[in-house]
Structure formats: structure tokens, C-alpha cells
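Undergrad: Sequence and computational prediction follow.
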Amino acid sequence: MIGDRLAAIVGAGNYFAPEVIEPRYLEDETSGTSGQPAGLVRPASTEELSRIMAACNDVGQPVVVQGGRTGMTRAALPRDGELVISLERMNKITDVDPVAGTLVAGAGVPLEAAQQAAEDAGLRLAVDIGSRGSCTIGGMIATNAGGTQVYRHGMMRDQVLGLEAVLADGTIISSMQPMLKNNAGYDLKQILIGCEGTLGIVTKALLRLRPAASGYETALCGLPSYDAVIALLGVMERRCSGRLAAYEVMWRNFFDRTIAPGALPDPFDQPHQFYVLVETEGFEDGILPTVLSLALEDGLIDDALVARSGLDRDRFWAYRDYVGEITRAMKIVEPFDVGAPLADLGRLVERIEREFEDQLPGSRSVFFGHIADGNLHVAIELPDEDQRIVSERIVYDAVRDIGGTVSAEHGIGMLKRDWLGHSRSAEEIALMRRLRAAFDPKGILNPGRIFAQEDHS
Ligand SMILES: Cc1cc2nc3c(=O)[nH]c(=O)nc-3n(C[C@H](O)[C@H](O)[C@H](O)COP(=O)(O)OP(=O)(O)OC[C@H]3O[C@@H](n4cnc5c(N)ncnc54)[C@H](O)[C@@H]3O)c2cc1C
């Protein structure tokens, strides 16, 4: 009995038979429906996890790995017969080194806790996403999470110096050297980062910290057109010499929802077609107001509000962070997270909006995103569950036609498997499958994620 073997590894208190699993392990941010899992196990250490995987591999027991279950692709929810492995007990932060600028975080450490530990050491973990209180370092590495600081500091991949992971057969792979450069053969950690738990289970990471942020300047701007959005970005890049920290764009349909009755106050006298939250860091000299008044003279912006205090800064970010409230208020919501060359994003949105209107009457959508990274988010409220597939075809066909990606940051998981071929060639997908088979010959790690069908015969 695998249950007995698992209980012997983690102790009876950390193995749960299917009928006593708490509901939270069967729910995620996408309101997806879970299958009937084979059990739940909560290892406390890499060694325990290694023994669990060796036992599962022996008998071909499929597993699903869980971090904070904030992922947007339904990938952490168990399917029928899968063993849930929750890493929530592997939540220690150790080896904070202010001189080297590093810390070691267990896979189950919530992002916010790692950010706080960095801050306590006078440094900064330069990655931030809205789910910071619940998402975990392991989940972020598995999904190569992005967020609002990617333009300056890169994605999760760029914060990871070293990694430890357990493979499907229980082998422990450890490469925890704090070196920026290491060309001794393949960089295996980079293959594991972003693999969505299909090649290995991240157990801990050596994270790179940056100098503490200072000299923030933040503004909320109203703009007349997408061309102006792109032109202002160019001006910011040139004038702020690499200090542009955030460039978050909200289409009018998004911003209107933030200022609807009962939501946030409207900070502008009149509506604008586009709203940009722009932030620089490392300047103490008021460069942002200077650049923005020139942009105003050139007609790139119609209006701009510059933060005069930390309170103002929080107030401005509240509009961008209102996304959670907007999507929660949508009854049937389909979230998209696509990417495209910057110059094409405006046209992409126009095509999608047009086709939504024609083919999905009664739907309502909002557009926003980390536009400087070429990353567009779309959330559409559908009148009917059956229309999901129509909305997906509209968005993903449009993305394919301009050479974009069906996932800029959330990954493929369970929700985008059928669309992987819109962004990757048959040869690329075949190579991905060969990699998967090499790492996990029995296909027990997060099966059915990324690839629609898996053949392990
Ligand atoms: C309000 C909100 C805002 C968000 N904003 C962003 C954003 O700006 N950018 C962004 O990229 N994402 C964003 N997300 C999505 C989500 O937070 C990220 O995908 C996050 O990285 C998931 O972490 P998690 O610990 O919750 O992982 P989970 O949801 O538990 O798991 C996600 C995937 O990783 C696998 N996994 C989890 N832990 C491990 C591990 N230790 N080893 C191997 N595989 C593992 C799971 O099996 C699953 O496939 C947002 C989500 C919400 C709810």
C-alpha cells in the first residue's frame, strides 16, 4: 500500500487519505474543479520528498505538485488518482547573506516572506506579483513568474542563482553555487525553471538579491492612443537611462471598471483612451515630472498625476492592482496572458475586441498589461460557459497570426495545452516531449500539464 509507505516517510500527521483532505487543496484561483486525488502528502525536507518520489516511481503513482495554488492554468489541482504533494512545510529561509546579496528559500516560502527577509537585510528580492501573500518560491520558479518588475530586473529565472530539485525517480539534483557565471556543461537549473513541475520538483533556491530600491518616482498618466503609449515608452527609455522600473498600461475598458460606483475615486477630470502607470527608481532629482511635461507639450500625454508621497504611490498602484476585484466580479471569466511584439499589441487588441463583439455578443472584456515586456492580459466575462472555446480561438488565432505567444507568463498548464502549437513549432514540441521522457520516463510528474496527450507505452 503506497499510503502506508508515504505515512511511514512523513509521519501519520502529514499523510492524508482522500476522504480527509481539506477542501483548500482541491481549489485554486481559477475556480477549477478538482478530480478525486489518491491522497495528500506534506514532506518537510528534500530527503522526505526524495523517498516519496522513489516510492511513487516504483509503482507508477502519478503526482501533482502544489505551492500556493495561485497559478492561473489549473495545473496544481489534482486529477483523478493523482497524489497531491504540497510543499507548504518546506518553508524555511536560511543563509541570508547581505554581503554576497543572496538568500536560500525553501520551495514553500511565500514570496512576501522572502521579500521581507531581503528587506530586513537591507536588500531587495526584485520580483513582485499580486499574489505575493500566497504564491511560493517553488511555484514561481516552476512557472518562471513575471510581474511588475520584469522590465528592469527580469523574470524569476533572473533571480535564481542556484537550485535544488527532486526528479521523478527521487534523485536529488543540487546546484546551489552563488555564481553568476557557470558554463560547465548544460545549465540544468534553467531547464527546470519554467517546466511547470513536469521535469522535477523544486525544493529550494539560492536567490539573488539587489540593492534596496530608493528614489521612486511614480505617475499616473492619461494618453490619447496606443501610438502615444509606445512613443512615451521610447521617451522614458531614452531620458531615464535604464531606470524605468514599471510601465503598466490599462485600456479604458479596464480603467472604467476601477472607477465604477463603489470602486476607486476617479483621479482625472476627464476620461482618456489609455492609462499608464509609470515608475522610475534610483533618481532623487525629479526627472519624471520634467520628462512628463515635455511629453505633455508634444501631445503624447493628455494629463499626468505625479505622486508626491508614498501614500500617493500606493493610491496610483491601487488602480493597476484592482484587477483581482475586476475579475472576481465577473461571473464566468476567461483570463488570457499573451505576448506579442510591442508595436503590434495595439492592432492585436483592436482585432480581438472586434471579433469579441461580432462573435460573443453579451460578453465584456478588459485589456491591460506589462506592455513594456510585450505582455498583454485580457479578461473576458462570458455570458455562457460554452463560449470559452470561441473566446480562446479568437485570442489565440490573433496571437498566432502576428507571431506572438499564447502565454507570456502564466504557462500552459491544463488550460492552454490545445494551443501550444500556436506558439511553438512541431519540432520544438517534439523536443520538449523528448526532454520530458528523459527526465520522467514513466510520466508521473504533473502528467497532462503542458502536453495534451502523453504516451508512455
Ligand atoms: C492576483 C494574482 C496576480 C498574479 N500576478 C501574476 C503576475 O503578475 N505574473 C505572473 O507570472 N503570475 C501571476 N499570477 C499567477 C501566479 O501567482 C504565479 O503563477 C505563481 O508563480 C504561482 O505560484 P504558486 O506557489 O501559487 O504555484 P501553484 O499555483 O501551486 O503551482 C503552479 C504550477 O507550478 C507547479 N509547482 C508548484 N510548486 C512547485 C515546485 N516546488 N516544484 C515544481 N513545480 C511546482 C504546480 O504543479 C503547477 O504546475 C498571479 C496570480 C494571482 C492570483
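TA: Arrived safely, thanks for sending.
Undergrad: Just the buried positions in the helix or strand containing residue 319, please.
TA: Element membership of residue 319, judged by DSSP states H and E, is helix 310-320. For helix 310-320, the neighbour count (16 or more other Cβ atoms under 10 Å) marks 312, 313, 315, 316, 317, 319, 320 as buried. From N, CA and C alone the C-beta is placed, and that goes for glycine too.
Undergrad: Please name every helix or strand in contact with that helix.
TA: strand 217-223, strand 244-251, strand 274-280 (3 or more Cβ pairs under 8 Å, 6 or more residues apart in numbering; DSSP states H and E).
Undergrad: repeat that with 10 Å
TA: For helix 310-320, the elements it packs on are strand 217-223, strand 244-251, helix 252-258, strand 274-280, strand 303-306, strand 364-370, judged by 3 or more Cβ pairs under 10 Å, 6 or more residues apart in numbering; DSSP states H and E.
Undergrad: and the following helix or strand past that helix, how far out from the chain's middle?
TA: Once helix 310-320 ends, the next helix or strand along the chain (criterion: DSSP H and E) is helix 323-328. Here helix 323-328 is found 16 Å from its chain centre; the criterion is Cα atoms, centre = their mean, to the nearest Å.
Undergrad: Give me the mean pLDDT for helix 323-328.
TA: For helix 323-328, mean pLDDT rounds to 90.
Undergrad: is the helix or strand following it anywhere near the ligand?
TA: Toward the C-terminal end, the helix or strand that comes next after helix 323-328 (DSSP H and E) is strand 333-339. No - for strand 333-339, no contact with the ligand is found by Cβ under 6 Å from any ligand atom; the gap never falls below 7.6 Å.
Undergrad: Buried residues in strand 333-339, which are they?
TA: 333, 334, 335, 336, 337, 338, 339.
Undergrad: so what's the residue positioned nearest the centre of the chain scoring on pLDDT?
TA: Closest to where the C-alpha atoms of the chain average out (Cα atoms, centre = their mean) is residue 145, at 3.6 Å. Note for residue 145: predicted pLDDT of 97.
Undergrad: correct me, but it touches residue 125?
TA: No - taking contacts as Cβ atoms under 10 Å, residue 145 lies outside contact range of residue 125: 11.9 Å.
Undergrad: Look up the residues that both of the two are in contact with.
TA: Contact criterion Cβ atoms under 10 Å, 6 or more residues apart in numbering; residues shared by residue 145 and residue 125: 111, 137, 159.
Undergrad: out of these, which touch the ligand?
TA: Near the ligand, by the rule Cβ under 6 Å from any ligand atom, you find none of those.
Undergrad: And these, which is closest to residue 2?
TA: The closest of those to residue 2 turns out to be residue 137 (Cβ to Cβ; 28.0 Å).
Undergrad: Any idea how many residues pack against the closest one?
TA: 34 (other Cβ atoms under 10 Å).
Undergrad: show me what contacts the residue nearest to the centre of the chain?
TA: Contacts of residue 145 (Cβ under 10 Å, 6+ apart): 70-71, 111, 127-129, 131, 135, 137, 139, 155-157, 159, 194, 409-411.
Undergrad: Could you do residue 125 as well?
TA: 103, 105, 111-112, 114-119, 137, 149, 153, 159, 207-210.
Undergrad: Of those, grab the buried ones for ChimeraX.
TA: The buried subset of these, as determined by 16+ other Cβ under 10 Å, is captured in ChimeraX by this line:
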select :103,105,111,114,115,117,118,137,149,153,159,207,208,209,210
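Undergrad: Could you tell me which residues of the stretch 101-250 of the chain lie near the ligand?
TA: Checking the stretch 101-250 of the chain against the ligand by Cβ under 6 Å from any ligand atom, the hits are 107, 129-131, 135-136, 138-140, 142-143, 145-147, 196-197, 201-202.
Undergrad: Among these, which are located in strands?
TA: 201, 202 (DSSP state E).
Undergrad: Narrow the residues of the stretch 101-250 of the chain next to the ligand to just the buried residues.
TA: For these, buried by 16+ other Cβ under 10 Å: 107, 129, 131, 135-136, 138-140, 142-143, 145-147, 196-197, 201-202.
Undergrad: burial measure for residue 231, as a count.
TA: So residue 231, with other Cβ under 10 Å, has 17 neighbours.
Undergrad: Could you do the one 3 residues further on as well?
TA: For residue 234, the neighbour count with other Cβ under 10 Å is 11.
Undergrad: mind checking how far the residue in the stretch 151-300 of the chain positioned nearest to the ligand is from residue 257?
TA: Going by Cβ to the nearest ligand atom, the ligand is nearest to residue 197 of the stretch 151-300 of the chain, at 2.8 Å. Residue 197 sits 33 Å away from residue 257, going by Cβ to Cβ, to the nearest Å.
Undergrad: Then residue 249?
TA: For residue 249, the distance to residue 257 - Cβ to Cβ - is 15 Å.
Undergrad: Could you do residue 53 as well?
TA: Residue 53 is 45 Å from residue 257, by Cβ to Cβ.
Undergrad: Settle it for me: which of the two has more neighbours?
TA: Applying other Cβ under 10 Å to residue 53 and residue 257 shows that residue 53 carries more neighbours, namely 26 against 22.
Undergrad: Fine by me, thanks again.
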